[in-house]
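Novice: No sequence on hand, only this structure:
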């Protein structure tokens, strides 16, 4: 069963890891947000891609969810000593990845090619594809003006209220042949519990990409999404506050409405904590699954992945109205 | 007393450190060989410059003479894992320097500007100047053909016999305003115990540089050099074998003859082990000083520097024929 997963950083990476655990090797393709990408110290840094890469490679720091386990910060200390601003803190092994990538890009490789090389070198059997080979840069408007995304996200710790979001370069970007192929050959499409605005949003803004997903849905391929906002609070990051300041419902319903109005989904997964929203989400024309969506460990990643795939099989028939019940706990997940 | 020192890597760095110890802060300018510079993994690497920089900053690894004390190799391990060739082994802190430099150069800074910034950031009061802002690349011909210098020096461990040496780019290089100023304002010129062919050679190949030194000598500024080949053996590296395979005497006399025929020197320092060559070196028209030239520790660096400065003061008067006797041991050096 070939699965395409749309992902931002930590949450999407966890679900991708769950999918990789339950699928046959090579059956997973993850399309990652590149709107967060940046250049620091002359190095090409792809935060969301690398979070997915390190997670699937089993290298991720288990406590913080991003970065590499046991990372050291020697290079960063030297850069600091040389007067560089090091608020975007980079670990040593991570810098090895950035150096490799920057040099490959400089020599003319496409980002997609570099991503495939990185995954291969780190023993990852899944494909991790940048959403586009052309640069897209997420920017947010705050009371202080427009900011680069990482300026807002890392340097200012997501403290300012976001009044507007844009994806610079998106209109000139294009879905890559690899991404289009992956959508066309997918048996199911899974949207990770990533920030709907600044993680999934940029992916959907790449011309041609959403249209290809919609076309797949029309062929009967089920598209299933899950909210990263649970009980009105984002599991991680500023998604809830961002939704509110942009005038959307800062809860699972708001996420579902976003995706439904884009034509992205057939099925939406609500957390048990949001079971009361099931009726409202159904009213958007989405099938609803209610289950435990919080991935606390590797087993819960696999369980959620398994339930989402089961739901997508059950609910994939276009126009089908089956509401898949919650599967809670390991036993039922094994079924 | 303002001193200009020409230097390659380890030997030149040690003497530069001795000079920095005995001179007033800011009175030393070191002009470093850039012929060994290379790009690895997209990073601009300046081996000789950095050896001098780290030595003067008190950061150098005392056992190997190059690199940074207590260095780690985490980035290199990651690059290795990603399939990069890592025979040119780079430490983590060192990579911080390279990342900083590469980015500054990419943004348009001259190499000289970057060198001055690096020294300032690391608390070095001396000026360390690249011999030229334009790239010069040393290449050596072996039985297997022409090789990039570091290919020969590091990857092949200086094993092949060197049949010919060239400095690509030298004809288009130019002495920088900073180097020319330093020569013009120098009260003494000191040539370090570096490889005469591939460390001092490239410096002298920069159009205008040697001519400026010769002009300084004509104004009465003494130029004093020391051999890195002692007792017929290079203290470090392949200078002896290189001299032999290029048809020159593989000893201190060969070094002296090279420098004398270029018009570089007034005074030449022979090691005690080479005292028997004093007459031959005098025959080249050079004043001779015989002393212990092997710098085993920081004190011996300062001692040799002090003796060379004393000899340059004594022997600087152009046409002067005073032969400065050896000063051996700490006591006499303190005088």
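Specialist: Thanks, I have it. Small disclaimer: the values here were computed from a predicted structure and weren't measured.
Novice: mind listing what residue A:152 touches?
Specialist: A:140, A:142, A:158, A:160, A:162 (CB atoms under 8 Å, 6 or more residues apart in numbering or on different chains). Using the backbone N, CA and C atoms, a C-beta is placed for each residue, glycine as well.
Novice: near chain B, which of the residues you listed show up?
Specialist: Subset of these in contact with chain B: empty, counting by CB under 8 Å from any CB of the partner chain.
Novice: In strands, which of those residues fall?
Specialist: A:140, A:142 (DSSP state E).
Novice: tell me which of the contacts of residue A:152 is nearest to chain B?
Specialist: Lowest distance from chain B to those (CB to the nearest CB) belongs to residue A:140, with 25.5 Å.
Novice: Is it correct that the closest one is in contact with residue A:168?
Specialist: No: taking contacts as CB atoms under 8 Å, residue A:140 lies outside contact range of residue A:168: 11.2 Å.
Novice: Pick out the residue of the stretch 101-250 of chain A closest to chain B.
Specialist: residue A:103 (3.5 Å).
Novice: Test for you: state the pLDDT assigned to that residue.
Specialist: pLDDT recorded at residue A:103 is 97.
Novice: And the helix or strand containing it, what's buried?
Specialist: Here residue A:103, judged by DSSP states H and E, is contained in helix A:92-106. Within helix A:92-106, the residues that qualify as buried are A:92-104, counting by 16 or more other CB atoms under 10 Å in any protein chain shown.
Novice: neighbouring contacts of that helix?
Specialist: A:42-46, A:50, A:53, A:59, A:67-68, A:71-76, A:90, A:111, A:113-114, A:117-118, B:41-43, B:72, B:74-79, B:81-82, B:84, B:92, B:95, B:99.
Novice: Buried residues, the helix or strand residue A:253 falls within. List them.
Specialist: According to DSSP H and E, residue A:253 maps onto helix A:252-262. Across helix A:252-262, burial judged by 16+ other CB under 10 Å covers A:252-260.
Novice: For residue A:224, state which of those residues is nearest.
Specialist: residue A:259 (10.1 Å; CB to CB).
Novice: Was I right to think that closest one contacts residue A:193?
Specialist: No: contact criterion CB under 8 Å: residue A:259 and residue A:193 do not qualify, at 11.8 Å.
Novice: how many neighbours does residue A:67 have?
Specialist: 20 (other CB atoms under 10 Å in any protein chain shown).
Novice: Same check on residue A:302?
Specialist: Neighbours around residue A:302, by other CB under 10 Å: 21.
Novice: what sits against the closest residue to it other than its chain neighbours?
Specialist: Take residue A:302 and drop its neighbours on the chain: the residue closest to it by CB to CB, 6 or more residues apart in numbering or on different chains is residue A:21, 4.2 Å away. By CB under 8 Å, 6+ apart, residue A:21 lies in contact with A:298, A:301-302, A:305.
Novice: average model confidence for whichever helix in chain A runs longest?
Specialist: Longest helix of chain A, by residue count under DSSP state H: helix A:298-315. Averaging pLDDT along helix A:298-315 yields 93.
Novice: Now do it: distance to the chain's middle.
Specialist: 17 Å (CA atoms, centre = their mean, to the nearest Å).
Novice: The helix or strand encompassing residue A:120: what's the following helix or strand?
Specialist: In this assignment (DSSP H and E), residue A:120 forms part of helix A:111-121. Once the chain leaves helix A:111-121, the next helix or strand it forms, by DSSP H and E, is strand A:127-130.
Novice: distance between that next one and the chain's centre?
Specialist: Per CA atoms, centre = their mean, the centroid offset for strand A:127-130 relative to its chain is 11 Å.
Novice: What residues does chain A have near chain B?
Specialist: A:41-43, A:72, A:74-79, A:81-84, A:92-97, A:99-100, A:102-103, A:106, A:117-118, A:121-122.
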